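Trainee: model this:
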Amino acid sequence: MSDLAMPAQEYPINCIGDAVTGDRGHVTEAVLDGCWRRPKCVDIRTIEAKFTADSYGAERQQPIFSLCVLQAEGTDAPISGSLIQRKGQNLRRRDVFLMPWANETAWRMALNDKHNHCDSGRAAQDTMRARACADFD
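Mentor: All right, here's what the predicted structure looks like:
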């Protein structure tokens with residue numbers, strides 16, 4: 001059994017898109033090989049990390065998370081202490097399990113901040129689209 005085998009009591013929350021800065025999680029992801037059109041899964045990588053930041057791209061409306069790697073194993077596993085980035089849509093497709101926060105209220109506040117930030121990103125995109133349409137008139 002691997003060192004990163006996920007104890008259910010340590011990571012009980014199955015994350016379905018509501019990861020926030022400050023979360024600590026266990027991520028399982030595929031290691032792909034080949035061209036981008038026909039990638040082949042060659043291994044599975046597991047990463048235990050802390051979500052250190054998230055940003056929201058107004059242009060494509062995609063959240064991007066920065067993760068500080070605590071431990072990792074598998075093919076091409078990142079080094080402990082390194083920062084990696086993952087798109088939110090890719091995290092939702094993977095097995096991501098989170099630790100509960102000691103203070104649930106603080107987690108709810110972080111989640112509300114994230115959703116407000118995403119809403120402002122959507123508004124910025126709507127403004128860009130409106131300007132682009134106005135330029136064609």
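Trainee: and residue 112, what element?
Mentor: For residue 112, the host element (DSSP states H and E) is helix 104-136.
Trainee: any weak-confidence spans in this structure?
Mentor: Under the criterion pLDDT under 70, the flagged ranges of the chain are 1-8, 17, 57-61, 117-125, 129, 135-137.
Trainee: Parallel or antiparallel, list what pairs with the longest strand along it.
Mentor: Assignment by DSSP state E gives strand 40-57 as the longest strand of the chain. Paired neighbours of strand 40-57 in the sheet (DSSP bridges): strand 24-33 (antiparallel), strand 62-73 (antiparallel).
Trainee: Any chance of JSON lines for these, columns distance to residue 83 and mean neighbour count?
Mentor: The C-beta positions use only the backbone N, C-alpha and C, and glycine is treated the same way. Below are the strands paired with strand 40-57 laid out as JSON lines (distance: least, C-beta to C-beta, whole Å; neighbours: other C-beta atoms under 10 Å):
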{"stretch": "strand 24-33", "distance to residue 83": "14", "mean neighbour count": "18"}
{"stretch": "strand 62-73", "distance to residue 83": "6", "mean neighbour count": "18"}
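Trainee: Redo those strands as a markdown table? Include distance to residue 81.
Mentor: Below are these laid out as a markdown table (distance: least, C-beta to C-beta, whole Å):
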| stretch | distance to residue 81 |
| --- | --- |
| strand 24-33 | 15 |
| strand 62-73 | 7 |
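Trainee: which one of those strands lies closest to residue 99?
Mentor: Judged by C-beta to C-beta, the one of those that comes nearest to residue 99 is strand 24-33, at 4.7 Å.
Trainee: quick one: contacts of that closest one?
Mentor: With contacts defined as C-beta atoms under 8 Å, 6 or more residues apart in numbering, strand 24-33 is touched by 4, 6, 10-11, 15, 19, 39-51, 67, 70, 74-76, 86, 90-91, 94-99.
Trainee: With stretch 42-51 instead?
Mentor: Contacts of stretch 42-51 (C-beta under 8 Å, 6+ apart): 2, 4, 6, 19-33, 65-78, 84.
Trainee: what about residue 104, neighbour count?
Mentor: Each residue near residue 104 was counted by other C-beta atoms under 10 Å, and the total is 9.
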